[in-house]
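Enquirer: What would the 3D arrangement of this be:
(one chain, ligands or ions: 2)
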Amino acid sequence: MALRFSDIVEEARLSAQALLDYGDNLFHPSVRLGVTGLSRAGKTVFITALIHGLTRGGRFPVFEPYATGRIARARLAPQPDDAVPRFDYEHHVRTLIEHRQWPTSTVDISELRLVIDYQRPNGADRTLTLDIIDYPGEWLLDLPLLNKSYEEWSRESLALSRQGPRASLAAPWHAQLSTLKPQERENEQAALTSARLFTDYLRSCRDERFAMSLLPPGRFLMPGNLAGSPALTFTPLDLPDEGAAPEGSLWAMMVRRYEAYKDVVVRPFFRDHFARLDRQVVLVDALSAFNAGPEALHDLEAALAGILDCFRIGRSTLLSNVFRPRIHKILFAATKADHLHHSSHDRLEAVLRRTVAKAVARAEYTGADIDIVALAAVRATREAQVRQGREKLPSILGTPAATDMTNGENFDGETEVATFPGDLPDNPEALFGNDDAFRGLSSAAAENADFRFLRFRPPKLESSATGAPVLPHIRLDRALQFLMGDKLQ
Ligand SMILES: Nc1nc2c(ncn2[C@@H]2O[C@H](COP(=O)(O)OP(=O)(O)O)[C@@H](O)[C@H]2O)c(=O)[nH]1
Ligand SMILES: [Mg+2]
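Expert: Numbers count the residues shown, from 1 in each chain. Ligands and ions are numbered 1, 2, ... in the order given. Prediction:
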């Protein structure tokens, strides 16, 4: 494929930006850390806990520059990019700590700047600027669209929607789709109805019981400020195998909007934000996927492969002319590990390692360092041994949220309960098996499912050695050490 003029312009723009960033970096060392993950993976909680810990004396024994006292101070600084919303740290902290509620869900990109004063091991004083960028992982799944025509995308999406549990979820949309003739005159009402039904289908795939992950176009579920615009009002059509879209047809209208989506949504995101990151953490809610069953886990595997593909675009591909990622470190983190007894944490890491294995093998040649960790940015539980007959079960204690109803139990949101969530299998393959070895919520009633996760409220605060209140966590310090330890040498 020949380079398009717009790609050449974009290339020039990117180089200019890279040069600016580089010059800046010579005088002020800085890191742009991307925090991504699919919706509900735990991005907001992760960033809030990270900033609270660094600025308010959290306990991070494995984060070397912090544990050895070389970090003198970390403070928030004004948000640097005028066109990006600020990450609403203060609001999220208040929600977590004062109300013991989880932050409300966010659907857009946001950013925050932290300035860290530290001492090098040789004694010299330095300052590191850490820009943290929170963006939906769904947006990364749009990258392959840049290389795909409307017709290709339409055929693939339709084929996918006819497979497995997706087919029944897509039934209402398919019914409307069968009334549409691609060659007929364009029709706004038909397009709107179709887009609504298509989006409903994507949303129900996302539902807790199914927990599907691979659902492009990303903005349909995460529209940010584009909700309702024509660039988001297109859908797949049942197209003939041959031929092109007649002028003025519904088909042509869909092509136009699909291309607009790529131009006004997908390209600018990769150019203005993604291409400028130099470290990346990908948060993964693997527990929700187990909870749903093997279909969801396979779906998650494909979505993570899609996400990792974005990091491995080499110089040789057409896409690398649109953006050239310069990410040196990627951390995959399974979140919410506090739902498991610590004896299962290593198993959770093993499952995540298995889930990203194929993708990692392909990514390795890019030279980026990759690590995998199971963590809880905010630990909502404690551990206990609960006696059941002669057995002692490794259990967890926490305060379930008031709305949660499991097995007909009714929680008041105040009382602590002990639960035995279930052990993760020693061999991660068991979770991926198709032999009914494992039952998730999509195939079994809640009381028969093999795992049971309650939604716990955030914890009461603990106090640090100096008496300051800190948020408990699991392995957040290991994540920090991998992502930033070398930058503070
Ligand atoms: N127990 C526990 N729950 C968490 C943790 N992080 C996230 N969650 C849960 O996951 C939900 C989604 O987290 P959030 O950070 O809003 O996800 P985002 O959509 O990726 O920003 C929260 O409302 C919590 O219920 C954690 O560290 N521990
Ligand atoms: Mg969020």
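Enquirer: Near ligand 1, which residues of the stretch 301-450 of the chain are found?
Expert: 335, 336, 338, 376, 377, 378, 380 (CB under 6 Å from any ligand atom). C-beta coordinates here come from the backbone N, C-alpha and C atoms, glycine included.
Enquirer: wait, what's in contact with the second one?
Expert: When contacts are counted by CB atoms under 8 Å, 6 or more residues apart in numbering, residue 336 is found next to 42, 285, 287, 376, 453.
Enquirer: do that again at 7 Å, thanks
Expert: Residue 336 makes contact with 42, 285, 287, 376, according to CB atoms under 7 Å, 6 or more residues apart in numbering.
Enquirer: Run through the residues that contact residue 185.
Expert: Residue 185 touches 248, 249, counting by CB under 7 Å, 6+ apart.
Enquirer: Can you give me the separation between it and residue 196?
Expert: 20 Å (CB to CB, to the nearest Å).
Enquirer: Using CSV, write down the CA coordinates of the helix or strand encompassing residue 168.
Expert: If you go by DSSP states H and E, residue 168 is part of helix 166-169. Taking Å, rounded to 0.1, in the frame of the first residue of the first chain, the C-alpha atoms of helix 166-169 are listed here in CSV:
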residue,chain,number,x,y,z
ARG,A,166,-22.6,-14.0,21.3
ALA,A,167,-25.2,-15.3,18.8
SER,A,168,-28.1,-15.2,21.3
LEU,A,169,-27.0,-11.8,22.6
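Enquirer: elements contacting that helix?
Expert: helix 188-206 (3 or more CB pairs under 7 Å, 6 or more residues apart in numbering; DSSP states H and E).
Enquirer: ok now the helix it packs on, how far from the chain's centre?
Expert: Put simply, helix 188-206 sits 23 Å off its chain's centre (CA atoms, centre = their mean, to the nearest Å).
Enquirer: touching ligand 1 at all, that helix?
Expert: No: Helix 188-206 lies out of reach of ligand 1 by CB under 6 Å from any ligand atom, never closer than 11.6 Å.
Enquirer: Buried residues in that helix, which are they?
Expert: Buried residues in helix 188-206, counted by 16 or more other CB atoms under 10 Å: 190-191, 193-195, 197-199, 201-202, 204-206.
Enquirer: Give me the contact list for it.
Expert: The contact list for helix 188-206, computed with CB under 7 Å, 6+ apart, reads 161, 166, 169-170, 172-173, 176-177, 180, 212, 215, 220-221, 233-235, 250, 253.
Enquirer: Mark which of those residues are buried, thanks.
Expert: When neighbours are counted using 16+ other CB under 10 Å, the contacts of helix 188-206 contain these buried positions: 161, 166, 169-170, 173, 177, 180, 212, 215, 220-221, 233-235, 250, 253.
Enquirer: Restricted to helices, list those residues.
Expert: 161, 166, 169, 173, 177, 220, 221, 250, 253 (DSSP state H).
Enquirer: on that earlier part again, export the residues of the stretch 301-450 of the chain next to ligand 1 to CSV and tack on pLDDT?
Expert: Converted to CSV, these look like this (pLDDT from 0 to 100):
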residue, pLDDT
335, 96
336, 95
338, 94
376, 97
377, 98
378, 97
380, 96
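Enquirer: Report the two of the residues you listed separated the most.
Expert: Among these, the pair separated by the greatest distance (CB to CB) is 335 and 380, at 11.7 Å.
Enquirer: Just give the number of residues close to residue 48.
Expert: Residue 48: 27 surrounding residues under other CB atoms under 10 Å.
Enquirer: Leaving out sequence neighbours, find the closest residue to it.
Expert: Residue nearest to residue 48 in three dimensions, not counting chain neighbours: residue 92, with 4.3 Å by CB to CB, 6 or more residues apart in numbering.
Enquirer: The one you found - that's part of a strand, no?
Expert: No: going by DSSP: H, G, I helix; E, B strand; the rest coil, the assignment for residue 92 is helix, not a strand.
Enquirer: on that earlier part again, ok, and the most crowded of the residues of the stretch 301-450 of the chain next to ligand 1?
Expert: Using other CB under 10 Å as the neighbour criterion, residue 336 leads those with 29 neighbours.
Enquirer: Buried residues in the host helix or strand of residue 258, which are they?
Expert: Secondary-structure assignment from DSSP H and E places residue 258 in helix 250-260. Using 16+ other CB under 10 Å as the test for burial, helix 250-260 gives 250, 251, 252, 253, 254, 255, 256, 257, 258, 260.
Enquirer: Tell me the confidence at the fourth one?
Expert: The predicted local distance difference test score for residue 253 is 96.
Enquirer: Give me the contacts around the helix or strand harbouring residue 480.
Expert: Applying DSSP H and E as the criterion places residue 480 in helix 476-484. If you take CB under 7 Å, 6+ apart as the criterion, helix 476-484 is touched by 31, 33, 49-50, 53, 60-64, 279, 281, 329, 331, 333, 371, 373, 375, 377.
Enquirer: Are any of the residues you listed buried, and if so which?
Expert: Using 16+ other CB under 10 Å as the burial test, these include 31, 33, 49-50, 53, 60, 63-64, 279, 281, 329, 331, 333, 371, 373, 375, 377 as buried.
Enquirer: out of those residues, which touch ligand 2?
Expert: Applying CB under 5 Å from the ion, the subset of the buried ones among the contacts of helix 476-484 adjacent to ligand 2 is empty.
Enquirer: quick one: which of those residues sit in strands?
Expert: Among the buried ones among the contacts of helix 476-484, the residues falling in strands (DSSP state E) are 31, 33, 279, 281, 329, 331, 333, 371, 373.
Enquirer: And the strands in this structure, which stretches?
Expert: Under DSSP E, the chain gives strands at 30-37, 71-77, 110-119, 125-134, 279-284, 329-334, 369-374, 382-388, 391-398, 417-419, 462-463, 469-470.
Enquirer: Export these as a markdown table, with columns for mean pLDDT.
Expert: A markdown table is the format used below for the strands of the chain (pLDDT from 0 to 100):
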| stretch | mean pLDDT |
| --- | --- |
| strand 30-37 | 94 |
| strand 71-77 | 96 |
| strand 110-119 | 96 |
| strand 125-134 | 95 |
| strand 279-284 | 94 |
| strand 329-334 | 93 |
| strand 369-374 | 92 |
| strand 382-388 | 85 |
| strand 391-398 | 86 |
| strand 417-419 | 85 |
| strand 462-463 | 74 |
| strand 469-470 | 86 |
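Enquirer: Dump those to CSV, plus distance to residue 104.
Expert: Listed next are these as CSV, based on distance: least, CB to CB, whole Å:
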stretch, distance to residue 104
strand 30-37, 17
strand 71-77, 21
strand 110-119, 13
strand 125-134, 14
strand 279-284, 17
strand 329-334, 22
strand 369-374, 25
strand 382-388, 26
strand 391-398, 21
strand 417-419, 25
strand 462-463, 25
strand 469-470, 22
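Enquirer: Neighbours of the residue of the stretch 151-300 of the chain found nearest ligand 1, how many?
Expert: With CB to the nearest ligand atom, the shortest gap between the stretch 151-300 of the chain and ligand 1 falls at residue 283, namely 6.3 Å. A count of neighbours around residue 283, defined by other CB under 10 Å, yields 26.
Enquirer: That one and ligand 2, how far apart?
Expert: Using CB to the ion, to the nearest Å, residue 283 is found at 10 Å from ligand 2.
Enquirer: Which residue is the nearest non-sequential neighbour of that residue?
Expert: With CB to CB, 6+ apart, the residue lying closest to residue 283 is residue 37, at 3.3 Å.
Enquirer: That neighbour and residue 396, how far apart?
Expert: 23 Å.
Enquirer: what residues are up against residue 136?
Expert: Counting by CB under 7 Å, 6+ apart, residue 136 makes contact with 39, 107, 218, 222.
Enquirer: And the buried ones among those residues, selectable in ChimeraX?
Expert: Command for ChimeraX, covering only those of these found buried under the criterion 16+ other CB under 10 Å:
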select :39,218,222
